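Colleague: Generate coordinates for the sequence data below:
(one chain, ligands or ions: 1)
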Amino acid sequence: MTATLIDGKAFAAKVREQVAGHVTRLKEDHGITPGLAVVLVGEDPASQVYVRSKGKQTVEAGMNSYEHKMDADTSEADLLAVIDQLNNDPAVHGILVQLPLPGHLNEDLIINSIAPEKDVDGFHISNVGLLGTGQKSMVPCTPLGCLMMLRDYHGSISGMNAVVIGRSNIVGKPMAQLLLNDSATVTIAHSRTKDLPGVVKQADIVVAAVGRPEMVPGDWIKEGATVIDVGINRIERDGKNKLVGDVDFESASKVAGAITPVPGGVGPMTIACLLANTVTACCRANGLAEPE
Ligand code: NDP
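Modeller: Purely as a prediction, here's the structure:
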């Protein structure tokens, strides 16, 4: 390996420490405790793990965590009623509905029923529009974590060629928007992109958010490029369960200038950014200066 390892785990610990510091000040100076409500519908095992981890880290940062677990066959009306109650609860500053939702529920309708100022996932159409027009919004946690690591490593990414592989609403598109807002020259690649290896080869920054284990090999990557691997793929190798990214770390780390590992890269940053967004939402709700 010749690339510098971008240590998301260590960076996330730093972010969480800053969040905890803000929470302490909010409590001591203003008597306010930020609160994050997470709504989980159904029993998807991966979602259960994420929700548990979010709850634990919320409490560790000194905030209040509220969990709403609902049955897989919960009706849309019942879910909307819970969200309405959380929207109107002044102790709740952030609301997150864990995705994916069971198929009978309309995800867009549910997400857009969250009060935009409490939408700490940044998926509400108002926040998407605000981000798209460069205005103050709630920024989706995974792309925000990626951007923070890129800013930390590069200082400025202005003028750099960035290729985002994946165009989902939760990762690819907001990631591209954030890179654009930071004045990178951005290409979004997807399953219909022609000559993906050639497109990736142009990139000073590659963000892979595809959901295909180790799809991006080292020989697609320009020498010295920065590689951010968003993918979380569970595979079996040598009879063992393993987590791998969308990038073939082994070969890519020999060509890249810097690279995030999986696990220990983007993943921990995502939850840290969720906590940071909750503090931001709390400050905005109370007319207080928000953390930088
Ligand atoms: P989606 O499945 O919603 O989107 C995947 C995207 O990849 C699509 O835009 C799709 O293109 C594109 N794609 C699929 N196959 C190819 C291909 N062969 N060549 C080029 N593009 C392709 O996934 P998400 O955005 O939700 O997640 C992506 C990955 O990130 C997953 O591994 C997920 O687990 C991980 N993830 C990690 C998080 C973290 O905290 N670290 C958080 C969220 C996600 P098209 O639109 O044309 O179909």
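Colleague: near the ligand at all, the host helix or strand of residue 17?
Modeller: Following DSSP states H and E, one finds residue 17 within helix 8-30. No. Between helix 8-30 and the ligand, judged by C-beta under 6 Å from any ligand atom, nothing touches; the nearest distance is 8.8 Å. (Glycine included, C-beta is placed from N, CA and C.)
Colleague: just checking, what packs against that helix?
Modeller: With contacts taken as 3 or more C-beta pairs under 8 Å, 6 or more residues apart in numbering; DSSP states H and E, helix 8-30 sits against helix 45-60, helix 141-154, helix 266-285.
Colleague: now, of these, which is deepest in the fold?
Modeller: Ranked by mean neighbour count, the helices and strands packed on helix 8-30 are led by helix 266-285 with a mean of 24 (mean count of other C-beta atoms under 10 Å).
Colleague: Just the CA atoms of that helix, as PDB, please.
Modeller: The C-alpha trace of helix 266-285 is given here as PDB (Å, rounded to 0.1, in the frame of the first residue of the first chain):
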ATOM      1  CA  VAL A 266     -17.200   6.600   5.600                       C
ATOM      2  CA  GLY A 267     -19.400   4.400   8.000                       C
ATOM      3  CA  PRO A 268     -18.400   6.000  11.300                       C
ATOM      4  CA  MET A 269     -18.500   9.500   9.800                       C
ATOM      5  CA  THR A 270     -22.100   9.000   8.800                       C
ATOM      6  CA  ILE A 271     -23.400   8.600  12.400                       C
ATOM      7  CA  ALA A 272     -21.000  11.300  13.700                       C
ATOM      8  CA  CYS A 273     -22.600  13.700  11.100                       C
ATOM      9  CA  LEU A 274     -26.100  12.600  12.200                       C
ATOM     10  CA  LEU A 275     -25.200  13.700  15.800                       C
ATOM     11  CA  ALA A 276     -23.700  17.000  14.400                       C
ATOM     12  CA  ASN A 277     -26.900  17.600  12.400                       C
ATOM     13  CA  THR A 278     -29.000  17.100  15.500                       C
ATOM     14  CA  VAL A 279     -27.000  19.700  17.400                       C
ATOM     15  CA  THR A 280     -27.300  22.100  14.400                       C
ATOM     16  CA  ALA A 281     -31.100  21.500  14.300                       C
ATOM     17  CA  CYS A 282     -31.300  22.200  18.100                       C
ATOM     18  CA  CYS A 283     -29.400  25.400  17.800                       C
ATOM     19  CA  ARG A 284     -31.500  26.600  14.900                       C
ATOM     20  CA  ALA A 285     -34.700  25.700  16.800                       C
END
